[in-house]
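Chemist: quick one, structure for this:
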Amino acid sequence: MKTLARARTLLTVTTLVAVTGCLSLSACDNMSRRDRDTAIGAGVGGVAGAAIGGNALSTIGGAAVGGIIGNQVGK
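Modeler: Have a look, this model is predicted:
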């Protein structure tokens, strides 16, 4: 019974991530290069912060630092 509940939860989360990813990519259609680099940097920084620190504060910090670096690279 627990296995079925876990599988259903995993399917729901996976579906939500896929839908969110598609919607966020469609929003980037008319972004400038600098805006796109900022968004990519924030995403990569957030993932790196989560992997290194493992808590919400490190994820937010990583996203902020990655966004700043992406913004400066896109100049």
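Chemist: and the helices in the chain?
Modeler: Ranges of helices in the chain, per DSSP state H, are 2-26, 33-53, 56-73.
Chemist: what packs against the second one?
Modeler: Same thing as helix 33-53. helix 56-73 (3 or more CB pairs under 8 Å, 6 or more residues apart in numbering; DSSP states H and E). Glycine gets a C-beta too; all of them are placed from N, C-alpha and C.
Chemist: the helix it packs on to helix 33-53, inter-axis angle?
Modeler: In terms of direction (axes from the mean of the first three to the mean of the last three CA atoms, to 10 degrees), helix 56-73 departs from helix 33-53 by 150 degrees.
Chemist: list the helices and strands helix 56-73 packs on?
Modeler: On a contact count with 3+ CB pairs under 8 Å, 6+ apart, helix 56-73 meets helix 33-53.
Chemist: for the helix it packs on, the averaged confidence score.
Modeler: For helix 33-53, mean pLDDT is 85.
Chemist: can you redo the helices of the chain as CSV with mean neighbour count?
Modeler: Formatted as CSV, these follow (neighbours: other CB atoms under 10 Å):
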stretch, mean neighbour count
helix 2-26, 9
helix 33-53, 17
helix 56-73, 16
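Chemist: distance of the spatially most central residue of the chain relative to residue 55?
Modeler: Most central in the chain under CA atoms, centre = their mean is residue 43, positioned 4.2 Å from the mean C-alpha point. As judged by CB to CB, to the nearest Å, residue 43 and residue 55 stand 18 Å apart.
Chemist: residues touching the residue nearest to the centre of the chain, list them.
Modeler: 63, 66 (CB atoms under 8 Å, 6 or more residues apart in numbering).
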